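Q: Build the 3D model from these lines:
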Amino acid sequence: MRADDLRIQGLSVSLGGRRVLEGVDLAVAPGETVGLIGPNGAGKTTLLRAVLGLIRPDAGTVTSGAGRPGYVPQKHEFTWDFPITVAGAVLNARSGTKWLRGPDRTDREAAAEAIGLAGLTDLAARPVGELSGGQRQRVLVARALARRPGLLLLDEPFTGVDVPTQELLTGLLARLAASGTAILMTTHDLAQARATCTRICLLNRSVVADGAPGDLTDPGLWLRAFGVAASGELKALLAGSESK
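A: The predicted structure follows:
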C-alpha cells in the first residue's frame, strides 16, 4: 500500500482578511472515502481548493503521493451553455497544455473509459447544454476520471441530482475506492455520507472530529460542528449508527 495519498498538516487559510481554516490536520489513504461535513462557511470548499493549489495557505502543508488530483466541482462552476458535446467536454479535461497538439490515442481511450464509468456512453454526442442536472453531474465526474487520478476530490457531488444518479455515483465511488483511489468529498447529505464514506470529518474552520460514521454518535460533536441542536436528519443518523 502506498503512503497517504493526501496529507494535510497544520493548514490555515485566510480569505478577504478572515481566517477560514485554522490548523487543519487530515490524511486520506488509498482506498479511503472521507466525507467533509460542516455548516455553510465551515471551509469545506476552501480546503479542497487549497489541496488543488488554487489558494495559498497562511501556514501548513499539503502533500500528495497520487500526483495531480481529479476534481469534481459544483455544477454551477461549469459553463453549460458552451457549444461542446459530452465527449468533447470529457476529452477536453485531458488536454491541459497539450491541447495545441491535439489529443492522442491515450487521451481518447481515457476519455472513453471515463464516459463509460459515468454511464454517459449513449449521451456522448449530445451537447452539454441539453443535459439534465444528474447528467451534468456525471459529466463533471467523467472529466475528473479522465485524468485517471489516484486522488479524487468532489464538492457536493450528490446535491440536486436524481436517485439514479445518486445510485450510480455511490456504486462508482465504491468501485474506485476498492481499486485504491483516495477520495475526499464535501457533502450536506448526512445519510449519503454514512452510506458512502469510510470516514467522516466534521469541519468548522478546524477539525472537530474524525472517525468512522458509526463512531461519531456523540451529539456534542455535531453541536460543536454545526452550532445547533441535532436536527431530525441528524437524530435519525445517530440512531441508525447506534443500532448497528
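
Q: roughly how far is whatever helix or strand Gly220 lives in from the heart of the chain?
A: Secondary structure assignment for Gly220, by DSSP states H and E: helix 219-226. Remark: helix 219-226 is offset 23 Å from the chain centroid, using Cα atoms, centre = their mean, to the nearest Å.

Q: What's the mean pLDDT across it?
A: Average pLDDT, helix 219-226: 85.

Q: now stretch 174-185
A: Rounded mean pLDDT across stretch 174-185 is 95.

Q: Now do the buried residues in that stretch.
A: Leu176, Ala177, Thr181, Ala182, Ile183, Leu184, Met185 (16 or more other Cβ atoms under 10 Å). Backbone N, C-alpha and C define where each C-beta goes, glycine included.

Q: Then stretch 126-138?
A: Pro127, Val128, Leu131, Gly134, Gln135, Arg136, Gln137, Arg138.

Q: same check, this time on stretch 211-227
A: Buried residues in stretch 211-227 (16+ other Cβ under 10 Å): Pro213, Leu216, Thr217, Leu221, Trp222, Ala225, Phe226.

Q: Just the closest of the residues you listed to Trp80, please.
A: Set against Trp80, the nearest of the buried residues of stretch 211-227 by Cβ to Cβ is Phe226 (31.9 Å).

Q: which residues touch the closest one?
A: Counting by Cβ atoms under 8 Å, 6 or more residues apart in numbering, Phe226 touches Gly38, Pro39, Asn204.

Q: Any figure for the gap between it and Ala42?
A: Taking Cβ to Cβ, to the nearest Å as the measure, Phe226 falls 9 Å from Ala42.

Q: give the contact list for the closest residue to Gly38 other than its chain neighbours.
A: With sequence-adjacent residues excluded and distances taken as Cβ to Cβ, 6 or more residues apart in numbering, Gly38 is closest to Leu203, at 4.1 Å. By Cβ under 8 Å, 6+ apart, Leu203 lies in contact with Val24, Leu36, Ile37, Gly38, Ala42, Gly43, Lys44, Leu47, Ala225.

Q: Across the sheet, point out what pairs with Leu203.
A: Leu203 has these beta-bridge partners by DSSP bridges: Val207.

Q: quick revisit: for the contacts of Phe226, could you give me a markdown table that also reports pLDDT and distance to Asp5?
A: Shown next, in a markdown table, are the contacts of Phe226 (pLDDT from 0 to 100; distance: Cβ to Cβ, whole Å):
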| residue | pLDDT | distance to Asp5 |
| --- | --- | --- |
| Gly38 | 91 | 22 |
| Pro39 | 90 | 27 |
| Asn204 | 94 | 25 |
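
Q: Compute the number of surrounding residues for Leu151.
A: By other Cβ atoms under 10 Å, 22 other residues sit near Leu151.

Q: follow-up on the earlier one: just the ones of the buried residues of stretch 174-185 in strands?
A: Ala182, Ile183, Leu184, Met185 (DSSP state E).

Q: and those as CSV, adding distance to Arg7?
A: What follows is those, written out as CSV (distance: Cβ to Cβ, whole Å):
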residue, distance to Arg7
Ala182, 10
Ile183, 15
Leu184, 12
Met185, 17
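
Q: wait, which of these is closest to Gly60?
A: Leu184 (16.0 Å).

Q: ok now do the closest one, which residues does it touch?
A: Counting by Cβ under 8 Å, 6+ apart, Leu184 has contacts Leu6, Val28, Val34, Leu36, Leu48, Val51, Leu151, Leu152, Leu153, Leu154.

Q: Output these in a markdown table; the columns should cover distance to Gly160, pLDDT and secondary structure.
A: Shown next, in a markdown table, are the contacts of Leu184 (distance: Cβ to Cβ, whole Å; pLDDT from 0 to 100; DSSP: H, G, I helix; E, B strand; the rest coil):
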| residue | distance to Gly160 | pLDDT | secondary structure |
| --- | --- | --- | --- |
| Leu6 | 26 | 95 | strand |
| Val28 | 25 | 96 | strand |
| Val34 | 22 | 97 | strand |
| Leu36 | 18 | 96 | strand |
| Leu48 | 18 | 97 | helix |
| Val51 | 23 | 95 | helix |
| Leu151 | 25 | 95 | strand |
| Leu152 | 20 | 96 | strand |
| Leu153 | 19 | 97 | strand |
| Leu154 | 14 | 97 | strand |
